[in-house]
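Colleague: Predicted model and sequence follow; I will ask about them next.
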Amino acid sequence: MAITEEPPLILEIESGETKPSTGAFARPTNAKGWRAWVFTVDHKKIGIMYGAVAMFWFFWGGIEALLIRSQLLTPDGTVLTAEQYNQIFTMHGTTMVFLVVMPLAAAFANYIVPLQIGARDVAFPRMNALGLWIFVFGGIFLNLSWFLGGGPDGGWFAYAPNTSVTFSPGAGMDFYALGLQIAGIASLVGAINLIVTIINMRAPGMTLLRMPVFTWMILVVQFLLLFALPVITVALVLLSMDRTFDANFFNVGMGADPLLWQHLFWIFGHPEVYILILPSFGIVSETLPVFSRKPLFGYSVIVISGAAIGFMGWGVWAHHMFVSGLGPVSVAAFSATTMFIAVPTGVKILNWIATMWGGKITFTVPMMFSISLVSMFTIGGLSGVMHSVAPADTQQTDTYFIVAHFHYVLFGGALMGLFAGMYYWWPKAFGYKLNDTLGKWHFWIVLVGFNLTFGPMHILGLQGMARRHSRYGPEDGFDFWNLMVSIGAFVILIGMIVFAINIVKTWLGYKAGTIEQSPADPWDGRTLEWAIPSPTPEHNFDYVPVVTDVDDFWHKKYQKDENGKLRKVADGNAIAQLGDQHPHLPSPSYWPIVLASGLPLIALGLIYTLWLTGIGLLVLVAAIYGWSLEPHTDPDAGHGHGDDHDEPDGDQSENLIDLPKDESTEEAPVG
Amino acid sequence: MNVITDSHAEGTDEHEDHGLSDVGYIKIALLLAVLTAIEVLTYFVDFGVLEVPSLLILMVVKFQIVISYFMHLKFDNKIFSYLFITGLVLAVVVFAAMATSLVFWTDPAGCDAGRFC
Amino acid sequence: MDNATEVKTSQLAYGPTEWDDYDVPPLTTGLSNEKMTMWAFLGSDCLLFASLISTYLLLRNRVGPDTEGSTAADLFDIPFTSVSSFVLLMSSLTMVLAVTSIGRGELERCKMWLLTTAILGTVFIAGQVYEFTGFYREGLGFTTNISSSAFFTLTGFHGVHVSLGIIMLVTLWSLISRGNIGAERAETVEIIGLYWHFVDIVWIVIFAVVYLIP
């Protein structure tokens, strides 16, 4: 935690020159090669790295899911032993939640938020890099357990005392507890940074109610992270104390209360649910208006209901614990709050439908993924409301019905939205669109596979198939639907392979020149990120945008004429900035990655030998001092030459000439 | 980052306008010392039923004094107050709810003295 | 700027503005990023200590299956803890004085108050170490029972916060001594002061809720 407590001391005197006495460490200046990525403080490179690392873990978590489904393909499966099965399903959940969906959301938050608010970077570029590297090391640390005696085996919510040394003697749960603490620090650093960025770095004129909805949802999510992470940190610390230093927090023999872990975990865990879904809600709130060619229906209602979800999300956690002996009053109280929280979520769904209603919808790939979020999430949300009814939940809890529910909201909701975001912002990040045909194949295969996988789980759950069991017998009658579920899982795999092919193919095509460079505004977008060239220049904005409206860029393109009809007045690609200015940018830094590398050493030391902890602490302290004493920035470094996109400088100027001839007469499709 | 020096300059201006003088802070500290002395007094003198409420009130008053004067929340921009108070209120409400659920709302059937209910 | 560029930029949706001379446009709220960071962090830390304090309150009377052992509360030495609480409270005053001195540009005085604050914090930590060893000698170790685990974890977490604060104060003192930080960076002192006061208010709560309320 020391990292965030030490505010960066920027050693700069008023003239803007670095004092020579502090300049013990030069800053790296490499603009090309691997160093340009490892030492970067550019929010765009950091966002891309978040995404790339998360996709790697997505691949790995998918392998784990397929192992689970191979085991359950037939009755009495023999693919995995019961112990291996425990480890695989625990790590599947942990990986997908903490190493895939959260960092993918962080990828979009890092890349898109500064662009949407018209900033050149986040408030603390080095802290941003620090968050990335802590997350990377945390993920590696968590998965080191596979090579050091087996993975965690207590389920992703790790109910104590089931996870105490008595019941889980291997080192797996230690890796879980410490690894998630490391990942938590990463998220906390990122959350504080983004909160300050969104509050304080907005373009002139961008009031809170002119902010794009994606940025709004990211702001809500960062607040949830800010306040929820300390709670899980305490829970994990207590667990680590029990396991490593023989404390008694969860020692039932000494009179411990097993409910303590459950309360602490779910006080974090329920806000976490909204941490996972709200970024996707933000993404579709951007894509649905663009591809329906209508403004978002009820902008302020969507924003307010998003914030309301954030607040109410703190009052419903015990619905995860209805069968743990909470007592009737607790159950009734949390049942009621849970029913209430469906209201703001439903409001959002209705707003999205109303946005599409009467719109001129173009079925691009991001639009298809967005619509699938609205529909699939609604299914998952409805089964969620079913769980708020405690007697029904008592039947459904710990069965495959629950598994079906949270996959419908997490896969059908969060991941579908994130895929929509990838297809939507790909041209902004890389300079070219993903292939549309392959994208549609990807979408349909995944949608079919997804419903084939998780739809039948509802039936299995109601038939009584318990989750987390490594086998079922031929006498149970679960054969047919389990076979369907497993087939569905492999269909999803095919869909994801299509996605991978799409990425590689378009990238090769772009390099070879057969795929055209994307213009600044390929989708006729509404927000500021489309007012700059694709791919984004290193400094983002040539000139600071001054904002006067919600969807400001749209209003630059479409204005009401004297009859009050909306008309197109300019082409987005023609009026976008050129990326030809070279403002001063912060230099890269060695210290974020060095500082982050201390944390897994400390954690490994706590499991094996305290010597390593000492070394890790030394690295940590040295890095903090190196960080603090680092010269501010070298004015000659990092001037935007580090752009790895190989974009010819004059590319965008051609678009300038392509002003539409009928610009003043063309009527905007829908007001 | 270069703007820091600008906003810092504004910050000090405000500070001179609204912050307390050194003597003022010393007076605040004396008040805090007196309140602490009253708190400690409850250990030596029996306050009866008033003991717990008075300790809680004294705690809240001291807390309030430190954050509003020593931490300048009274003089500073409201955004800082919102950031901090949100966390504080959330902490109090959520954990009060958790304690209520754990301590008062448990199933009476499964309740014994060792289980704190 | 030549004529051709001017024509181009006039077509842009977002052309040159008065803010382009800055590397970064003026901050939206006019408030310092660093200070906002510290306040957000402190808001987050509220939840951390609320979790720990609730855990302690829930577990404080649990001494094991035989209900014979002593809890941490049985061994409290209230007069001693009152003194160390008072020391920490006064360190908040010296911290404030350090902030006001650097605000007036009095670096030497600021250094003196920073050092005083650090020393008062060290006295508090020393008192805590003395208290812990006393408990240990009485037979109440970290692993003895649930109540002791909860007590040591809560006060230990606070102690770590104080220690980090001391390290920051000493670092700040040495940076001012070496001339790396001058009066223009008064805000850095203020931000570390915020952290220090927060540690103090957490102790105000712990002192009342854990130590004094029977």
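Modeller: All right, it came through fine. Numbering: from 1, shown residues only, chains lettered A, B, ... in the order given.

Colleague: wait, what's in contact with A:Ala57?
Modeller: Wrong residue type there; residue A:57 is Trp, not Ala. By C-beta atoms under 8 Å, 6 or more residues apart in numbering or on different chains, the residues touching A:Trp57 are A:Thr95, A:Leu99, A:Val100, A:Pro103, A:Gly139. All C-beta spots, glycine's among them, are computed from the backbone N, C-alpha and C.

Colleague: Report the separation between the third one and chain C.
Modeller: Between A:Val100 and chain C the computed distance is 24 Å (C-beta to the nearest C-beta, to the nearest Å).

Colleague: what's around the residue nearest to that residue when sequence neighbours are not counted, how many residues?
Modeller: Leaving aside its chain neighbours, A:Val100 sits nearest to A:Phe58 (4.7 Å; criterion: C-beta to C-beta, 6 or more residues apart in numbering or on different chains). Residues near A:Phe58, counting by other C-beta atoms under 10 Å in any protein chain shown, number 21.

Colleague: same deal with A:Leu618?
Modeller: 12.

Colleague: what does the model give it for pLDDT?
Modeller: pLDDT recorded at A:Leu618 is 96.

Colleague: just A:Glu666 next, same as before
Modeller: Value for A:Glu666, per-residue pLDDT: 38.

Colleague: What of the one 3 residues further on?
Modeller: According to the predicted model, the pLDDT of A:Pro669 comes to 40.

Colleague: I'd like the distance between A:Arg69 and chain C.
Modeller: 37 Å.

Colleague: Please apply the same query to A:Gly327.
Modeller: Applying C-beta to the nearest C-beta to A:Gly327 and chain C gives a distance of 15 Å.

Colleague: Could you pull up phi and psi at that residue?
Modeller: phi 100, psi 150 (degrees, to the nearest 10).

Colleague: how close does it sit to C:Ile53?
Modeller: Using C-beta to C-beta, to the nearest Å, we find A:Gly327 at a distance of 23 Å from C:Ile53.

Colleague: sorry, back to before: for the residue nearest to A:Val100, list the residues it contacts.
Modeller: Per C-beta under 8 Å, 6+ apart, neighbours of A:Phe58: A:Met96, A:Val100, A:Leu104.

Colleague: from the residues you listed, which is closest to A:Val323?
Modeller: A:Met96 (24.1 Å; C-beta to C-beta).

Colleague: Next up, the contacts around that closest one.
Modeller: Going by C-beta under 8 Å, 6+ apart, the list of residues near A:Met96 reads A:Phe58, A:Gly61, A:Leu410.

Colleague: JSON lines please, covering those residues and showing secondary structure, pLDDT and distance to A:Leu130.
Modeller: Formatted as JSON lines, the contacts of A:Met96 follow (DSSP: H, G, I helix; E, B strand; the rest coil; pLDDT from 0 to 100; distance: C-beta to C-beta, whole Å):
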{"residue": "A:Phe58", "secondary structure": "helix", "pLDDT": "97", "distance to A:Leu130": "23"}
{"residue": "A:Gly61", "secondary structure": "helix", "pLDDT": "96", "distance to A:Leu130": "25"}
{"residue": "A:Leu410", "secondary structure": "helix", "pLDDT": "96", "distance to A:Leu130": "28"}
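
Colleague: and which of these is nearest to C:Thr144?
Modeller: Once C-beta to C-beta is applied, the member of these that ends up nearest C:Thr144 is A:Gly61, at 41.4 Å.
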